[in-house]
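Trainee: Pasting the sequence and the predicted coordinates here, then a few questions.
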Amino acid sequence: MPDRDLLEEMLQQVKVVLSGKALDDLLWFRDELLRWNKKINLTAITDPAGTLEKHLVDSLTLLPYLKPKGTILDMGSGGGFPSIPLKIARPSYKIWSVDAVAKKISFQKHVARSLNFQDFTPLHLRLEDLPSNSALAPFDMVVTRAFAPLKEILELAKPVLALNGIVVAMKGADGMDELEENRSYIEGSGFCCQKTVQMRLPKSDAKRTLLFFKERAS
Ligand SMILES: C[S@@+](CC[C@H](N)C(=O)[O-])C[C@H]1O[C@@H](n2cnc3c(N)ncnc32)[C@H](O)[C@@H]1O
């Protein structure tokens with residue numbers, strides 16, 4: 001099956017329907033990721049079909065659960081996951097995509113320029129330094145994929161989250177266990193878990209867990 005059809009079919013299985021242009025942009029991004037990956041370390045997944053599922057489709061599993069507009073901070077975005085697929089799927093999002101590794105941010109800037117993104121800002125920064133940059137905060141949605149333990153995610157998100165904002169932690173098979181292990185920390189942190197979504201990726205059947213948090217009303 002051609003890659004474009006495979007991508008479209010897998011996205012439909014995670015309830016995501018995109019325009020033809022968005023599918024083309026995602027495929028271009030995948031090709032560019034693998035091309036740059038020969039020079040700089042962006043991903044351990046190097047087979048083209050695996051990259052479609054494990055990076056592009058995986059990054060978009062949260063899309064049906066997000067508000068259609070707003071500001072997004074992607075913490076520890078690496079090669080641009082999930083920030084770049086989200087921007088391609090919903091160009092109206094205003095996204096700040098932060099990573100501590102300069103080469104990864106250079107790659108994201110290249111993609112943003114090539115695909116003519118508006119309101120997409122890759123930032124080479126340690127997240128611990130973000131709150132002092134008050135021009136950026138607060139964000140309506142803070143998203144993370146394969147970034148850090150839950151406790152660290154919530155601690156870093158708290159100072160930059162807007163009122164009624166949400167934090168999404170994209171986790172693997174052990175996401176629910178991590179949630180249970182952190183129940184008492186979450187209770188004391190001022191956050192509550194608003195929603196959990198467990199799913200499997202369409203081809204590999206790999207388990208994924210989406211954890212959604214908001215701050216409790218005081
Ligand atoms: C495992 S990678 C995941 C990248 C991407 N989110 C993905 O799903 O492919 C974690 C990324 O977080 C970045 N990172 C880790 N700690 C960070 C920090 N304190 N501030 C900014 N970036 C950080 C790393 O440089 C790395 O690119």
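Mentor: Cool, got the structure.
Trainee: The ligand contacts on the protein?
Mentor: Within reach of the ligand by Cβ under 6 Å from any ligand atom, the chain has these residues: 76-79, 81, 98-101, 104, 126-128, 145-147. (Each C-beta comes from the backbone N, C-alpha and C, glycine too.)
Trainee: Can you go through those and name the buried ones?
Mentor: 76, 77, 78, 79, 81, 98, 99, 104, 127, 145, 147 (16 or more other Cβ atoms under 10 Å).
Trainee: Turn those into TSV, including pLDDT.
Mentor: Below are these laid out as TSV (pLDDT from 0 to 100):
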residue	pLDDT
76	97
77	98
78	96
79	96
81	98
98	96
99	97
104	97
127	93
145	98
147	95
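Trainee: Mind picking the two most distant members of these?
Mentor: 79 and 127 (16.9 Å; Cβ to Cβ).
Trainee: so of the residues of the chain next to the ligand, which ones are in helices?
Mentor: Among the residues of the chain next to the ligand, the members falling in helices (DSSP state H) are residue 104.
Trainee: Filter the residues of the chain next to the ligand down to the ones in strands?
Mentor: 98, 99, 145 (DSSP state E).
Trainee: quick one: contacts for the most centrally placed residue in the chain?
Mentor: Nearest residue to the geometric centre of the chain (Cα atoms, centre = their mean): residue 82, 2.6 Å. Taking Cβ atoms under 8 Å, 6 or more residues apart in numbering, we find residue 82 in contact with 58, 59, 60, 62, 74, 143, 145, 170.
Trainee: Done for today, thanks.
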